[in-house]
Structures are given as structure tokens and as C-alpha cells.
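1. Show me how the following folds:
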Amino acid sequence: MSRPAANTAPAASTAGPQDIVARGRIEPLGRVIAVNAPADTPVTVLQKLLVDQGSKVKAGQELALADDYDVRKSDLAVQKHNLTLAESQLAQVMAGAKGAEIAAQSNVIAARKAQLFQAQSQWDRSSKLFNSGFYSKDALDALRANLDQAKSGVAQAEDVLKSLTEVRRADENVALAQVAVAKAAVARAEAALERTVIRAPISGTVLSIQAREGEAISPDGILRMADLTHLIVVAEIDESQAGRIAQGASAKIDGSMLPKPVQASVSRIAHEVFRQKRPTSDILIGRDARIVEVELTPQTPLPTVVGGEVTVRLVAAQKG
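-> Presented below is the predicted three-dimensional model:
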């Protein structure tokens, strides 16, 4: 938004000796905001405009979409699918083997324990017979070998079951890392998509549209908006008169767009001098006059015409 400047009008003959008569303009209390795409985003074309002139919007509401919105949205969908896959792989690692595999291996253990029980029983009986001299040493050795083999079979089956139900720490760490990377990719894609959505910085009204769909976004931005619930008047006082104005001083606002004069008071005096930019017909002051902006709070509502020109008469402070 270009900085509006002003011209102090010459005092009318009806003004008192202490009055300062100046030109002013109607402005929102929060001033007019030019809404643009992020400064560091290489956006050149507006894809979609979601509001129009006069639309009332809430803070954070979507106003427009940049040209790479669809690409960023697709990328986010891909990253979300990658995250789902990583989380599924982690769940698979944590769950271990399938229930059917565990049940089958448990049955193998049971069968081998039965074989062990049978081999142990044969060994015990044959040992007693051997001690009584009714069993040969070779036959007893064969039974001992069968018993050892049965014990080994049970231990092997139990090891297989343990491997099916145990989650290795290394596998778990890899799966957790994959999930963390996928989540970071989703967050990055969400941030990239958000930068293609232009949102309202405040609640207010769209005053004008600067770029339409398919048009290049100019330095002036996409649109201009303001909160019109609180309107003030900005008086443009010549810097030579600024020292005569005090906080709270009374003023009268008049103009062709006002049905009758409005009483007001000085609510803020700027601490910076601006050069006048608005056209003026006053050849004594000229276009490059140096002015101070003085904000006036009206006692009655003003017409919602941002930039509307009015005449301001302020009561200057008495010189000591």
C-alpha cells in the first residue's frame, strides 16, 4: 500500500485564531492491509481466488491458492502413504510371527516332548534291566543315543518358537527410524502445501482485488482488506502546525459524504514526518509538503468508505 500523504488546507475565514484546518481521510483503525504470497516463495501466477470484493472473511480463512498448490497437495498425499507403510512395517516387526506359525511350532514342541518322554521311559527301564544283567551294553548305548537326540529335538523346537516370538532390538530400531523419517517428510510436505495457501491475516472485509485467477501476482499483492468495524479519520497536518496539537484535543470532521459534521478527539499523534503524495490544488503547499498524521476518534460512526476525503478542524493548544 502506498503511503497516503496530505495537504493542509488553508484556514477558512470562519475558523477561530487557534483552529487548524486540514485535509483528512477515512481509514480503518488497523489501516488497510495488502495481502500477498510469502515473500520467499517463487509464486508468479494465481491459481484460484476464493473470495471477491466485499467478501467478509475471518482471520486464517483461505483467500487464494498459488499456482503450485496441486503439486504440493499430491506430494503430501504420497508422503502420508509412505508414513502409513512405515507404521505398518513397525507393527509387523513388533508383532513377530503370525499366530498360525506360533501354533504350529508349539505343536512340534509337544510332539518332540512326547518323543522325549518315550525315549526317557525306555532308557529308565533298560537301565534297570542292564543292571540286572538282562540287557546288553550295545542296546543300552543305542537307547542313550535316542534319548539325547530326543532332548536335542525339544531344545531345537523351543529355540525356533523363541525366534518366532522375540522382537530383535535392531529390527525395532530400524522400523522406528523409518517411521520418524516418514513423519518428518509429512511435516515438510504439509508446510510446503501451506505456503501455497494465502490466508486472511485478520478478520475483515475485502476492499479490492489486485490479481485474478491465471494472472501474475504483482508487487501490490493479491488483494487489499481491512477491518471496517472501527473507522477513524487521519488528519494530514503540516509539520509546522503539528506542535500546536495536543492529545485529546477536540476536532470537527466535515465533508460531502457526511450528512452532518462529526465531533471527534485526537487519539494519536504520529512521531514521523511524511512527504505528501496525494494530489493537491494548493500551489503554496505543493505536492511535496511535509506532513504529520494525526488520528481522530469520531463520536459517531463514519461511512464505510476507506480513503474518503474529509475536512478536519482541530482546536490547537494555547501557547504559554
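
2. Give me the sheet partners of the longest strand seen in the chain and which way each runs.
-> The single longest strand within the chain, with elements called by DSSP state E, is strand 262-275. Using DSSP bridges, strand 262-275 pairs in its sheet with strand 250-254 (antiparallel), strand 290-298 (antiparallel).

3. next helix or strand past the host helix or strand of Glu158?
-> Assessed by DSSP states H and E, Glu158 sits inside helix 137-165. Sequence order places helix 169-194 as the next helix or strand after helix 137-165, per DSSP H and E.

4. any low-confidence regions in the stretch 51-200 of the chain?
-> 96-102, 105, 132-136, 140, 163-168 (pLDDT under 70).

5. tell me the contacts of the closest residue to Lys56 other than its chain neighbours?
-> What sits nearest to Lys56 in space, not counting adjacent residues and going by C-beta to C-beta, 6 or more residues apart in numbering, is Thr205, at 5.4 Å. (C-beta placed from N, C-alpha, C; glycine too.) Contacts for Thr205 (C-beta atoms under 8 Å, 6 or more residues apart in numbering) come out as Gly54, Ser55, Lys56, Val57, Met225, Ala226, Asp227, Leu228.

6. Tell me which of those residues fall in strands.
-> Per DSSP E, strands hold the following members of the contacts of Thr205: Lys56, Val57, Met225, Ala226.

7. quick check, nearest of those residues to Lys162?
-> Proximity of those to Lys162 (C-beta to C-beta) peaks at Val57, which lies at 63.0 Å.

8. separation between the residue lying closest to that closest one once chain neighbours are set aside and Asp68?
-> What sits nearest to Val57 in space, not counting adjacent residues and going by C-beta to C-beta, 6+ apart, is Ala200, at 4.5 Å. Using C-beta to C-beta, to the nearest Å, one obtains 21 Å as the distance from Ala200 to Asp68.

9. same thing with Ile253?
-> For Ile253 relative to Asp68 (C-beta to C-beta), the value is 47 Å.

10. quick one, which of those two is more surrounded?
-> Ile253 (23 against 19; other C-beta atoms under 10 Å).

11. List the buried residues of the helix or strand containing Met94.
-> Taking DSSP H and E as the definition, one finds Met94 inside helix 69-95. Buried residues in helix 69-95, counted by 16 or more other C-beta atoms under 10 Å: Tyr69, Arg72, Asp75, Leu76, Gln79, Asn82, Leu83, Ala86, Gln89, Leu90, Val93.

12. What sits closest to the third one if chain neighbours are left out?
-> Read that as Asp75. Looking at Asp75 with C-beta to C-beta, 6+ apart, the closest residue is Ala189, at 5.1 Å.

13. list the contacts for that neighbour?
-> Arg72, Asp75, Leu76, Val78, Gln79, Lys80.

14. ok now do the residue nearest to the last one when sequence neighbours are not counted, which residues does it touch?
-> By the measure of C-beta to C-beta, 6+ apart, the closest residue to Lys80 outside its immediate chain neighbours is Val186, 5.8 Å from it. By C-beta under 8 Å, 6+ apart, the contact set of Val186 is Leu76, Gln79, Lys80, Asn82, Leu83.

15. go on, Lys58?
-> With C-beta under 8 Å, 6+ apart, Lys58 has these contacts: Ala200, Ser203.

16. can I assume Ser208 sits in a strand?
-> Yes. The assignment for Ser208 by DSSP: H, G, I helix; E, B strand; the rest coil puts it in a strand.
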